[in-house]
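*Asks:* just need the structure, nothing else, for what follows:
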Amino acid sequence: MQTIWIWIKRAWRWLTSMRTALVLLFLLALAAIPGALLPQRSLNETNVNEYLANNGRVAEVYDKLQLFDVFSSTWFIAIYMLLMISLVGCILPRTVDHWRAYKTPPTRAPKNLGRLSLHTTGTVERPFDEVVATSKRQLRRWHMSEATPEQDRAGTYSIAAEKGYAREIANLIFHIAIVALLVCMAAGRMVYYEGQRIMVTNSQAEAAIPVEQSTEFCNTSTSNFDSFRAGPTIDGTELTPFCFISHNFFADYLPNGQAEMFSSDISYAVGDQILDDPETWQDYQVQVNHPLRVAGDRIYLQGHGFAPQFTVTWPNGESRTQMLQWEPSDPTFFLSSGIMRFDPPAGMFPDLFERRQNQLAIQGLFAPTAEWSGENGELLQSAFPAMNDPAVAVDVYRGDAGLDTGSAQSIWELDPGLIHSGQLQRVERVNLQKGESVTLDDGSVITFDGAAEFANYQISHDPFQVWVLISALAMLAGLVGSLLIKRRRIWVRLTPSADGASTVVEMGGLARTDRAGWGDEFDRIAREILEREDPDEVEEDSLVDDDIIAVNPPKV
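*Replies:* Here you go, the predicted structure:
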């Protein structure tokens, strides 16, 4: 039993050493690297599934090692918790030791001050008591103690002073702030939630078409988000109740196509104000890096893109119109890809199976400012990110588009299995500009009506965000203080003359850390106590006298 207790004490001593804390901090940073290089399920599970499908056995090994869930993996949490324990174990004993050191009087002067790196001596033509008072006045901001001749190692009166205790305090603040930062980040991950909502909005582009879709969002249910993730303590009932309406979206570009600013005008209401007339809601302009902060939540304008609109008119005269956002594959000029699926009118095909075989699917590319290239000038590219001359290059498919399968379907691409199996067959490939149409072999007409812009709004909630910022600032302040503040000591030994009219002063200084800049402070205090002139001022006075002699030479 005693042996086990000895090993426990050794393990605790090892864990709470500063060297171990530094090693664990390095390991934590090293462990976070896979989270930056590999897709994470908490951010985008689709990307993880694609990585697993494309990389075979290697991806399976990564998955077993929890490299797709780095920040919630057992090994990352273990390093995190060990670092927390190590830091706390370092801080508490150091805090106690520093408090004891602060309450302990400074060390008495050594017997031979001449051996110190900083040393000076001299005689002051003043009585002993006056020199003592001057010395105390110069060291009044120092932690000071006095030694009588009986207590002094050289058998005379001495003063010991120490300064720079704030260095250790700054060091402790730095380590406490690290712990606070880790705690706040962990607590924030427990109670945070974050969701995305894409809204098709009106824009200032002349080629844009009016939007008839709803542009209102209410933060009252997780089902209102296009994507949503939250901490383990959030079940959807803790959402802050507020609503906002997106009125428009504006994008400003430089002549070379580089984005200059994105902004969106919205109106919002919180709590019971939601029931008021929307005309009375508060207005705000959301911009990139300028979110709307409301009731502890933040509404960011995160991204944007384009939503083409197609109208399908069947041979019986019935029509269906659909507008859907397409994914920008080119982040510079916003060449976008996507699909649309259309179910034929119920009256055209009474048999459900036959109706399913006549669904239409449109898949292709959209360019906000069309540029045609290739041998026949039929290859669509985008020349500018603003919507100046919209056009599409699409394939039209007929068959089972997957609308009635009961399983989720991607809004960006058709299921390749349906195409490879022949359930979907291509019936047309065409390039269309705004207002142009194509007629299929059965008489159906597909019209490209144009497009509108969509904006991606991100709603984030993290009540510990402010505390993370405060902890980071405190950590920075503690680090700066621990680097700039110097721990130093001064000893002043005073010996009165036989007649009491003068006093012999001997001073020594010692820096407990780096002595850079400390010599100047020691010299200044020594000059004040020994009543010596500042050599810089003497040199300046000498220069002034020389100038006067040069300008006004003596007359012979």
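*Asks:* show me how this protein divides into domains.
*Replies:* Domain segmentation of the chain under automatic domain parsing yields 2-98, 105-164+486-550, 193-461.
*Asks:* okay if I get those domains as TSV plus distance to I176?
*Replies:* C-beta coordinates here come from the backbone N, C-alpha and C atoms, glycine included. Formatted as TSV, the domains of the chain follow (distance: least, Cβ to Cβ, whole Å):
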stretch	distance to I176
domain 2-98	6
domain 105-164+486-550	19
domain 193-461	25
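*Asks:* excluding chain neighbours, what is closest to I91?
*Replies:* What sits nearest to I91 in space, not counting adjacent residues and going by Cβ to Cβ, 6 or more residues apart in numbering, is H175, at 5.1 Å.
*Asks:* in a helix, the one you found, correct?
*Replies:* Yes - assigned with DSSP: H, G, I helix; E, B strand; the rest coil, H175 falls within a helix.
*Asks:* hang on, isn't it packed against P93?
*Replies:* No - the pair H175 and P93 fails to qualify as a contact (Cβ atoms under 8 Å) at a distance of 11.7 Å.
*Asks:* those two: who's more crowded?
*Replies:* More crowded of H175 and P93, by other Cβ atoms under 10 Å: H175, with 20 against 10.
*Asks:* dump the residue contacts of the more buried one.
*Replies:* 87, 90-91, 94, 478 (Cβ atoms under 8 Å, 6 or more residues apart in numbering).
*Asks:* how about those residues, which pair is most distant?
*Replies:* C90 and G478 (13.9 Å; Cβ to Cβ).
*Asks:* how far is the longest helix belonging to the chain from where the chain is centred?
*Replies:* Secondary structure of the chain per DSSP state H: the longest helix is helix 74-103. Centroid displacement of helix 74-103 relative to its chain, using Cα atoms, centre = their mean, to the nearest Å, is 25 Å.
*Asks:* ok, now stretch 238-251?
*Replies:* With Cα atoms, centre = their mean, you get 23 Å for stretch 238-251.
*Asks:* buried sites along that stretch?
*Replies:* By neighbour count on 16 or more other Cβ atoms under 10 Å, the buried set for stretch 238-251 is 239, 242-246, 248-251.
*Asks:* how about stretch 194-207?
*Replies:* Buried residues in stretch 194-207 (16+ other Cβ under 10 Å): 194-203, 205, 207.
*Asks:* of these, closest to R488?
*Replies:* Looking across the buried residues of stretch 194-207 and measuring by Cβ to Cβ, the closest to R488 is E194, at 50.1 Å.
*Asks:* show the contacting residues for the closest one.
*Replies:* E194 touches 228-230, 458-461, counting by Cβ under 8 Å, 6+ apart.
*Asks:* mind picking the two most distant members of those?
*Replies:* A230 and Q458 (13.5 Å).
*Asks:* and the contacts of E194, which are buried?
*Replies:* If we count by 16+ other Cβ under 10 Å, the contacts of E194 have these buried: 228-230, 458-459, 461.
*Asks:* distance of E216 relative to S267?
*Replies:* Separation of E216 from S267 (Cβ to Cβ, to the nearest Å) stands at 9 Å.
*Asks:* residues shared between the contacts of those two?
*Replies:* 244-245.
*Asks:* who's more crowded, these two?
*Replies:* Neighbour totals were compared for E216 and S267, and S267 leads with 17 against 13 (other Cβ under 10 Å).
*Asks:* correct me if wrong, but the more buried one is in a strand.
*Replies:* Yes - under three-state DSSP, S267 sits within a strand.
*Asks:* tell me the contacts of it?
*Replies:* Contact analysis of S267 by Cβ under 8 Å, 6+ apart lists 244-245, 247, 278, 281-284.
*Asks:* what score does H247 have for pLDDT?
*Replies:* Predicted confidence (pLDDT) for H247: 89.
*Asks:* which residues are in contact with it?
*Replies:* Contact partners of H247, counting by Cβ under 8 Å, 6+ apart, are 201-202, 215, 264-267.
*Asks:* returning to what we had before: export whichever helix or strand comes after the longest helix of the chain as CSV, just CAs?
*Replies:* Going down the chain from helix 74-103, the next helix or strand is strand 118-124, by DSSP states H and E. Taking C-alpha atoms only, strand 118-124 is exported to CSV below (Å, rounded to 0.1, in the frame of the first residue of the first chain):
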residue,chain,number,x,y,z
LEU,A,118,26.0,46.2,-9.7
HIS,A,119,27.9,47.9,-7.0
THR,A,120,28.8,51.5,-6.0
THR,A,121,30.1,53.3,-2.9
GLY,A,122,30.6,56.8,-1.8
THR,A,123,30.4,59.3,1.1
VAL,A,124,27.5,61.7,1.5
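*Asks:* just how off-centre is strand 118-124 within its chain?
*Replies:* 55 Å.
*Asks:* which residues of this protein score low on pLDDT?
*Replies:* In the predicted model, the chain carries pLDDT under 70 at residues 1, 204-207, 405-408, 512-517, 535-556.
*Asks:* can you give me the helices in it?
*Replies:* Under DSSP H, the chain gives helices at 2-15, 18-31, 33-37, 45-64, 74-103, 128-138, 165-191, 352-356, 416-420, 465-484, 518-530, 535-551.
*Asks:* the first one vs helix 74-103, what angle?
*Replies:* Looking back up the chat, that one is helix 2-15. 80 degrees (axes from the mean of the first three to the mean of the last three Cα atoms, to 10 degrees).
*Asks:* and helix 2-15, how far from the chain's centre?
*Replies:* The answer for helix 2-15 is 39 Å, by Cα atoms, centre = their mean.
*Asks:* and what of stretch 499-506?
*Replies:* The mean C-alpha position of stretch 499-506 is separated from the chain mean by 63 Å, Cα atoms, centre = their mean.
*Asks:* with just CA atoms, put that stretch into PDB.
*Replies:* Coordinates of each C-alpha in stretch 499-506 appear next as PDB, following Å, rounded to 0.1, in the frame of the first residue of the first chain:
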ATOM      1  CA  ASP A 499      31.800  63.000  13.900                       C
ATOM      2  CA  GLY A 500      28.300  62.300  12.600                       C
ATOM      3  CA  ALA A 501      28.500  64.900   9.800                       C
ATOM      4  CA  SER A 502      28.800  62.400   6.900                       C
ATOM      5  CA  THR A 503      27.700  58.900   6.000                       C
ATOM      6  CA  VAL A 504      29.500  56.200   4.100                       C
ATOM      7  CA  VAL A 505      27.100  54.600   1.600                       C
ATOM      8  CA  GLU A 506      27.600  51.200  -0.100                       C
END
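*Asks:* got a list of contacts for that stretch?
*Replies:* By Cβ under 8 Å, 6+ apart, stretch 499-506 touches 113, 119-128, 131, 492-497, 529-530.
*Asks:* over to stretch 473-489?
*Replies:* Taking Cβ under 8 Å, 6+ apart as the rule, stretch 473-489 contacts 106-107, 160-178, 180-181, 509-518, 521-522.
*Asks:* now the residues you listed: which count as buried?
*Replies:* Looks like those have 106, 160-164, 167-178, 180-181, 509-511, 518, 521-522 buried, using 16+ other Cβ under 10 Å.
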